[in-house]
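Chemist: No sequence on hand, only this structure:
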């Protein structure tokens, strides 16, 4: 009877390499390359602005404007930076913890950045009406309308 119970338990394959939990989590998140050019530009701007708020360094703001000026296909770079800043500012207000932004040159996305990129994709999709329900899961009550407007404004820039 005991041998029958042992025979039904699967034995893990010892030949397969095992990833540490951090590597598994990083592999599950999308990389910057999985997004289109506009989304990559928006992500970089969000990162520069996040760094500006985190460090208080004015160089980060200058880098954001310079990056937007040099990005291909951006018609109004100061407006794009302003809309990205408005979104970051709105998300920072009233949050119990800071947003997690990776450095602008990083190819991986933090959990917060992946969420923001999802919002941007929904706002730019054929079904932007779904944006408010996606945003509601991340922001507190009373901020979903303003956040939805900020994401939509950034998406149509």
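Modeler: Nice, I can see it. Predicted model only: the values in this text are computed from it and were never measured.
Chemist: C-alpha from now on. contacts and neighbour counts both.
Modeler: Fine.
Chemist: in stretch 115-124, what's buried?
Modeler: For stretch 115-124, the neighbour count (16 or more other CA atoms under 10 Å) marks 116, 117, 118, 119, 120, 121, 122, 123, 124 as buried.
Chemist: which ones among those are found in helices?
Modeler: 116, 117, 118, 119, 120, 121, 122, 123, 124 (DSSP state H).
Chemist: who's in contact with stretch 126-136?
Modeler: Around stretch 126-136, the neighbours that count as contacts under CA atoms under 8 Å, 6 or more residues apart in numbering are 119, 122, 123, 144, 145, 147, 148.
Chemist: returning to what we had before: take the buried residues of stretch 115-124 and write them to JSON lines, including distance to residue 92 and pLDDT.
Modeler: Formatted as JSON lines, the buried residues of stretch 115-124 follow (distance: CA to CA, whole Å; pLDDT from 0 to 100):
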{"residue": "116", "distance to residue 92": "13", "pLDDT": "93"}
{"residue": "117", "distance to residue 92": "17", "pLDDT": "93"}
{"residue": "118", "distance to residue 92": "18", "pLDDT": "90"}
{"residue": "119", "distance to residue 92": "16", "pLDDT": "92"}
{"residue": "120", "distance to residue 92": "18", "pLDDT": "93"}
{"residue": "121", "distance to residue 92": "21", "pLDDT": "90"}
{"residue": "122", "distance to residue 92": "21", "pLDDT": "91"}
{"residue": "123", "distance to residue 92": "20", "pLDDT": "92"}
{"residue": "124", "distance to residue 92": "23", "pLDDT": "91"}
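Chemist: Show me what the top helix by length along the chain is packed up against.
Modeler: The longest helix of the chain (DSSP H) is helix 37-55. Applying 3 or more CA pairs under 8 Å, 6 or more residues apart in numbering; DSSP states H and E, we find helix 37-55 packed against helix 58-70, helix 77-92, helix 111-124.
Chemist: How far does that helix sit from its chain's centre?
Modeler: 10 Å (CA atoms, centre = their mean, to the nearest Å).
Chemist: Helix, strand, or coil at residue 99?
Modeler: coil (DSSP: H, G, I helix; E, B strand; the rest coil).
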